[in-house]
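Engineer: heads up, no residue letters with this:
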């Protein structure tokens, strides 16, 4: 999995390329926690180039969300395919995260509310 | 197809390749392929994490008519039923959520049947799912 970062004025785009599974999620965890420590508290995680997530990936997202809450940060997700969305729905993660079909809608959310 | 894999998380790379071959062989749709990969990843990871055997772990996947069967066998291990997940409340709020523990919950959600058997120090996890059409007729 590759993680591509794109700094915007008010937030940071974290684009995931490849599967978020047991093998790759430690890389994502390390990167997200580094970003939060580095005061990047508004994140947009784009799944449009990632077609798979397992519980290992969900665990990392939950850790990041909990961390961001403590610093009044925000994380918005976008671009999930049907299967990834279903995993979020089954586990109730769809209720925990703000999720948008497209990056444009997620950007709109982050720029409007911040 | 059946294959043995070293007891290591790194085996997941080869396992995913095997699942992909299986997907191509049976022309599986994206959802079914996803669910097979997810179920195997979660169970295999738990076997590596919680069993302390040294033998390789066997994985068998087959489709007979509309019935998909996945069997994982772990040899020379203690009796430990990893198929009983801790309770998960999908409605729980963020503050009530503990980190982790979702893997086997997901397995039970994407598979129709998950069974654990223990005999002669062999742990066998069988997962069954009914799939849409008779793929063997293709």
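Structural biologist: Yep, it's here. In this text the structure is predicted, and so the values were computed from the model without any measurement.
Engineer: Please give the element, helix or strand, for the most centrally placed residue in chain B.
Structural biologist: For chain B, residue B:40 is the residue whose C-alpha lies nearest the centre (Cα atoms, centre = their mean; 2.9 Å). In this structure, residue B:40 sits in helix B:30-50 according to DSSP states H and E.
Engineer: Could you name the helices and strands sitting against that helix?
Structural biologist: helix A:82-91, helix B:12-26, strand B:57-64, strand B:67-75, helix B:103-110, strand B:122-130 (3 or more Cβ pairs under 8 Å, 6 or more residues apart in numbering or on different chains; DSSP states H and E). Glycine gets a C-beta too; all of them are placed from N, C-alpha and C.
Engineer: who's in contact with residue A:14?
Structural biologist: A:3, A:4, A:5, A:31, A:32, A:35, A:43, A:44, A:45, A:46 (Cβ atoms under 8 Å, 6 or more residues apart in numbering or on different chains).
Engineer: pLDDT weak spots in chain B?
Structural biologist: Counting by pLDDT under 70, the low-confidence segments of chain B come to B:133-138.
Engineer: Over to chain A?
Structural biologist: A:113-114.
Engineer: Around chain B, which positions in it sit nearby?
Structural biologist: A:19, A:21-23, A:51-52, A:54-56, A:58-59, A:62-63, A:65-66, A:69, A:81-83, A:86-87, A:90-92, A:95-96 (Cβ under 8 Å from any Cβ of the partner chain).
Engineer: just the buried members of these?
Structural biologist: Buried subset of the residues of chain A next to chain B (neighbour count, 16 or more other Cβ atoms under 10 Å in any protein chain shown): A:19, A:21-23, A:51-52, A:54-56, A:58-59, A:62-63, A:65, A:81, A:83, A:86-87, A:90-92, A:96.
Engineer: give me phi/psi at whatever residue of chain B ends up closest to chain A?
Structural biologist: Scanning chain B for proximity to chain A using Cβ to the nearest Cβ identifies residue B:90 as nearest, at 3.2 Å. Dihedral pair for residue B:90: phi -60, psi -20, per degrees, to the nearest 10.
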